[in-house]
Each structure stands twice: as structure tokens, then as C-alpha cells.
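Engineer: Below are the sequence and a predicted model for it; my questions follow.
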Amino acid sequence: PNRGVHNVRKKAESLGLTGRRKKYDYNHAYFSTPNRQSAYWAGFIAADGSINIKREQPTLRVLLQRSDHGHLLRMAGHIEYTGSIREGNSSLGGKLYPYSCLELFGCRQYVRDLGEIYNITVNKSLTLEPPNIIDHELIAAYIVGLIDGDGSIQRHAYGRVPSIQLLGTYNLLNFNRDWE
């Protein structure tokens with residue numbers, strides 16, 4: 001009957017019905033302790049992911065062309081993500097491009113761990129530095145993730161030696177070039 005919003009909120013609070021209901025879950029500590037698998041996905045996020053922080057709400061987004069939907073499913077399985085992968089279309093120059101997107105809202109631990117361990121931050125495309133890991137296997141896994149996201153491996157018709165092409169910041173490219 002004649003109940004105002006304030007009174008309804010107070011009653012909800014007294015019943016413990018406040019806060020937002022989670023629509024999905026995931027392993028919040030997945031990137032806290034580096035291993036080969038998490039280092040690979042960190043490299044992939046460094047290449048194809050983005051971190052945004054709006055109103056103190058950190059968001060991790062990995063958006064790929066829809067033909068790579070299966071790769072997002074693999075990532076979702078590894079991080080124990082229980083939500084759905086969103087699909088849509090973006091347009092550019094009048095042409096539609098179908099995409100798949102895995103998006104995590106409020107992922108403070110991920111943002112902290114990806115920043116501290118792998119130097120993945122907001123605007124990483126312009127600022128990404130090499131990761132803060134020294135283990136040879138972890139670095140190799142990270143680089144494979146980078147290549148899967150922003151690189152390619154080609155074999156030239158005139159030679160037997162394949163070449164690797166990779167996009168990234170100057171320091172990150174030098175890190176990859178000098179890694180042995």
C-alpha cells in the first residue's frame with residue numbers, strides 16, 4: 001500500500017535483502033599465484049583484453065571475433081567462470097562484425113594481480129611493460145598467450161625458418177626479442 005522507496009529499502013535491509021545478486025562466479029584468485037596456465041591467459045589478456053575502472057568498479061573484458069568463441073569458452077573453463085559469453089555485432093564503415101565477449105564486473109583481485117604481476121593496466125596498449133615474472137616456463141607461457149592474441153607465426157615460401165610477428169609496446173617487443 002502507501003509505502004515509499006525509503007521504507008521499502010529499510011525493510012529490505014532489516015531482512016538482509018540488500019546488495020546485488022551475483023549473476024555468475026569465477027575463481028577470484030586465479031592470477032594470484034602464477035602458473036603456466038594463468039601466465040598464458042595473462043599474456044592473452046595483455047594482447048586482446050582490456051581493463052576499465054569506472055566508479056571504482058573494475059571490469060575485465062576480452063572481446064574476440066565470433067569465430068574465436070571456442071577460445072573464450074576455454075578461458076571461461078580455466079577461470080571457472082559460470083556466466084555466459086555475450087555475443088553481438090559491431091559495425092564499422094557500414095559493415096557488421098560479429099563478436100563474442102567475456103566480461104567480468106567488480107573483479108578487483110584480477111585487476112590487482114594482473115597489474116602487479118603482469119603489468120596489465122588501464123590503457124595497456126600504450127603502457128604495457130614486460131611481466132614481473134622470472135621463471136623461464138612462465139615467461140614462455142606468457143609469450144605464447146601474447147602471440148595467440150596479437151601475433152602470428154608464418155613460414156616463408158623461400159625459407160625453412162618460420163618468422164613470428166607480434167604487436168606491442170617498444171619495451172614489451174624488446175623483452176620478447178631478447179628472451180632466451
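Structural biologist: Sure thing, it's come through.
Engineer: which residues sit against the helix or strand harbouring Phe175?
Structural biologist: Phe175 belongs to helix 170-178 when assigned by DSSP states H and E. If you take CB atoms under 8 Å, 6 or more residues apart in numbering as the criterion, helix 170-178 is touched by Ala46, Leu128, Glu129, Pro130, Ile143, Leu146, Leu166, Gly168. No exception for glycine: its C-beta is placed from N, CA and C like everyone else's.
Engineer: Show the average pLDDT along that helix.
Structural biologist: Mean pLDDT, computed over helix 170-178, is 87.
Engineer: how about that helix: buried residues?
Structural biologist: For helix 170-178, the neighbour count (16 or more other CB atoms under 10 Å) marks Leu172, Phe175, Asn176 as buried.
Engineer: any idea of the angle the helix with the most length in the chain forms with helix 170-178?
Structural biologist: For the chain, the longest helix by residue count, based on DSSP state H, is helix 136-150. Inter-element angle recorded for helix 136-150 and helix 170-178: 120 degrees (by axes from the mean of the first three to the mean of the last three CA atoms, to 10 degrees).
Engineer: pLDDT averaged over the very next helix or strand once past helix 136-150 - what is it?
Structural biologist: As assigned by DSSP H and E, the chain's next helix or strand after helix 136-150 is strand 151-155. Regarding strand 151-155, the rounded mean pLDDT is 80.
Engineer: ditto for stretch 51-71
Structural biologist: For stretch 51-71, mean pLDDT is 92.
Engineer: Only the C-alpha atoms, please, for stretch 45-60, written as CSV.
Structural biologist: Extracted as CSV, the C-alpha positions of stretch 45-60 are listed here (Å, rounded to 0.1, in the frame of the first residue of the first chain):
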residue,chain,number,x,y,z
ILE,A,45,44.7,-10.7,-21.9
ALA,A,46,47.7,-8.4,-22.4
ALA,A,47,47.1,-8.8,-26.1
ASP,A,48,43.3,-9.0,-26.5
GLY,A,49,41.8,-7.9,-23.2
SER,A,50,41.0,-4.6,-21.6
ILE,A,51,40.7,-3.3,-18.1
ASN,A,52,38.4,-0.4,-17.3
ILE,A,53,37.7,1.2,-13.9
LYS,A,54,34.5,3.3,-13.8
ARG,A,55,33.0,4.5,-10.5
GLU,A,56,35.5,2.2,-8.6
GLN,A,57,34.1,-0.8,-10.4
PRO,A,58,36.9,-2.7,-12.2
THR,A,59,35.9,-4.6,-15.3
LEU,A,60,37.9,-7.1,-17.4
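Engineer: now Ile51, what's its secondary structure?
Structural biologist: Under DSSP: H, G, I helix; E, B strand; the rest coil, Ile51 falls in the strand class.
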